[in-house]
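1. using only what follows, build the 3D model:
(one chain, ligands or ions: 1)
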Amino acid sequence: MLLRTVSGADDIDEGDFDLVRIVAAPRLAASPPLPGRLTGAPAPIVVPSGARVRRFRLNGHDAINGKEMDMSRIDEVVPAGAVEIWEIENTVYAHNFHIHEVAFQVLDVDGVKPAAWAGGHKDTVYVPPKSTVRLAVRFGRFTDPGTPYMYHCHILRHEDSGMMGQFVIVKPGTEDRVPRTIPVQHHM
Ligand SMILES: [Cu+2]
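-> Residues are numbered from 1 along each chain as shown. All right, here's what the predicted structure looks like:
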């Protein structure tokens, strides 16, 4: 089977090209049976006592903690494998807070634990107007002090106007030594 792009304009006749060819193997084996039940709930993210708390204030639509996105600025430096509490304080209208790389669970919204359906692992959380959401955030173990991940409001208009920041994951113990200004590049 060949999938082809389709030219959108009649006056462009060289717009088609082969995109991908899907070819069946000469001999096919039966697929393994599907599991009888879906996987269970993931293990809860346990916040260690003394976990670092980082605070993020949303008080408009174009900045976090008063700072507009700057691709050459590292806002936060996180040790690999850390579990932290990220506290998102929203003083205005609704936002959706999204963090790259991680899984998190909502600890509470204005001090109230989430309902069961909102208690799973997430990478984006609705932050209601004038509320504070606390997250248990678990970071990965891959380190790269020169290439940041982003956190941002997931309302496109807000992220595009600068409601975004960056963090790097580094070898534990090196947090104070990594550069806070970098050439522009990204993990996605
Ligand atoms: Cu927003």
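
2. chain neighbours aside, what residue packs nearest to the residue nearest to the spatial centre of the chain?
-> In the chain, the residue lying closest to the centroid (Cα atoms, centre = their mean) is residue 100, at 2.3 Å. Distances taken as Cβ to Cβ, 6 or more residues apart in numbering place residue 149 nearest to residue 100, at 4.1 Å, with adjacent residues excluded. Glycine gets a C-beta too; all of them are placed from N, C-alpha and C.

3. on the pLDDT front, check that neighbour for me.
-> Listed pLDDT for residue 149 reads 97.

4. same check on residue 5?
-> Looking at residue 5, its pLDDT is 53.

5. also the one 10 residues further on?
-> Taken from the predicted model, the pLDDT recorded for residue 15 is 69.

6. cool, and residue 22?
-> For residue 22, the pLDDT comes out at 91.

7. ok, now residue 12?
-> 51.

8. next: residue 60.
-> For residue 60, the model assigns a pLDDT of 97.

9. that one touches residue 95, doesn't it?
-> No. Using Cβ atoms under 8 Å, residue 60 is not in contact with residue 95, being 9.9 Å away.

10. still on that earlier bit, burial measure for the residue nearest to residue 100, as a count.
-> Counted by other Cβ atoms under 10 Å, the residues lying close to residue 149 total 21.

11. make 45 the first number, not 1, from now on.
-> In the new count, where the first residue is 45, that last one comes out as residue 193.

12. and it, what are its bridge partners?
-> In this entry, residue 193 is beta-bridged to residue 211, by DSSP bridges.

13. next one: stretch 151-164 to chain centre, how far?
-> Centroid separation for stretch 151-164 versus its chain: 19 Å, with Cα atoms, centre = their mean, to the nearest Å.

14. now the terminal residues of it, how far apart.
-> Using Cα to Cα, to the nearest Å, one end of stretch 151-164 lies 11 Å from the other.

15. what comes up buried for it?
-> For stretch 151-164, a neighbour-count test (16 or more other Cβ atoms under 10 Å) marks 151, 153, 158 as buried.
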